[in-house]
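J.: how would this look folded up:
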Amino acid sequence: MLTEKLLTLIDSGHYPVGELLPTEHALSAEFGLSRQTVREALRRLAEQGLITRQPGIGTRVVRRTPHDDGVYSISSMSELEGYAEEARLDITAMYEAPVSGDEARRLECNEGALWLNVEGIRSRRSDGMPLGVARIQLRAWFPGVTEHLKRLKEAIPTMLAREYDTSIEEIQQEARAVLLTDDEAAALRVPPGGPGLAVIRRYYLDGDRLVLRGRIVYAADRFAYSLTFRKNDPVRR
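T.: This is a model prediction of the structure:
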């Protein structure tokens, strides 16, 4: 089947993570199959989290192997974008408020600065399984952004780049083990007091300007974060 062939090619690195796949037309010609067959194979790869389909750009490889059932693993910016497409954000509250004190310091801004607060649940699109409880804070610099957030089907930085020509230059992330609160456990449909993983991401524009901060608390068995370290070549003088 074409799906298995593409899985093998992606896993081998023939189609590298971060790069675009050939077009449906090109794949159809290469494998001698109909466009409908190719489209169905790509749909299955997308369901397994290997690719994302971006209108006007193409189909991008975001990971080499399918994610485990119910568990998401992120090890690159491409996989982060793919995860945001697979896991929808169900918004429960959205409001603007000025910040002060510790919160202003945490957001690296002056007291009184206005931020848009977005609270919600990240859920798997395929079956609605809740993955994490999210609180997102975005600088109130983007007119009409609430309407875009209500229709969001991608990562917020991707939306900001498309709608506001805003480019994220750096992402900082930290993760720590936590115990789930009663409210978090209820939202995630797990027992209260159980293990969770809190992930904080900070998104910076050029000039080290923090524009977006997100904190999401995952049920421990529904998310993983992976890193690969490679030894640097020795410096030759």
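
J.: now do the residue lying closest to Tyr164 once chain neighbours are set aside: how many residues are near it, please.
T.: Closest residue to Tyr164 apart from its sequence neighbours, by C-beta to C-beta, 6 or more residues apart in numbering: Phe142 at 5.3 Å. Any C-beta I mention is one placed from the backbone N, CA and C, and that applies to glycine too. As a burial measure, Phe142 scores 17 neighbours (other C-beta atoms under 10 Å).

J.: residues contacting Phe142?
T.: Neighbouring residues of Phe142 by C-beta atoms under 8 Å, 6 or more residues apart in numbering: 160, 163-164, 166.

J.: now, which of these sits nearest Ala219?
T.: Minimum distance to Ala219 across these is 28.1 Å, recorded for Leu160 (C-beta to C-beta).

J.: so which bits of stretch 21-28 are buried?
T.: 21, 24, 27-28 (16 or more other C-beta atoms under 10 Å).

J.: which SS class is the residue nearest to Tyr164?
T.: With DSSP: H, G, I helix; E, B strand; the rest coil as the basis, Phe142 sits in coil.

J.: tell me the two of the contacts of Phe142 that are most distant?
T.: Farthest apart among the contacts of Phe142 - using C-beta to C-beta - are Glu163 and Thr166, which lie 8.3 Å from each other.

J.: quick one on the thing from earlier: same list, the contacts of Phe142, but as CSV with distance to Arg209 and neighbour count please.
T.: Below are the contacts of Phe142 laid out as CSV (distance: C-beta to C-beta, whole Å; neighbours: other C-beta atoms under 10 Å):
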residue, distance to Arg209, neighbour count
Leu160, 13, 22
Glu163, 18, 14
Tyr164, 14, 14
Thr166, 10, 17
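
J.: narrow those residues to those in helices?
T.: Secondary structure defined by DSSP state H assigns 160, 163-164 of these to helices.

J.: looking at these, which is nearest Leu180?
T.: Scanning the ones in helices among the contacts of Phe142 for proximity to Leu180, where the rule is C-beta to C-beta, the winner is Leu160, at 30.2 Å.
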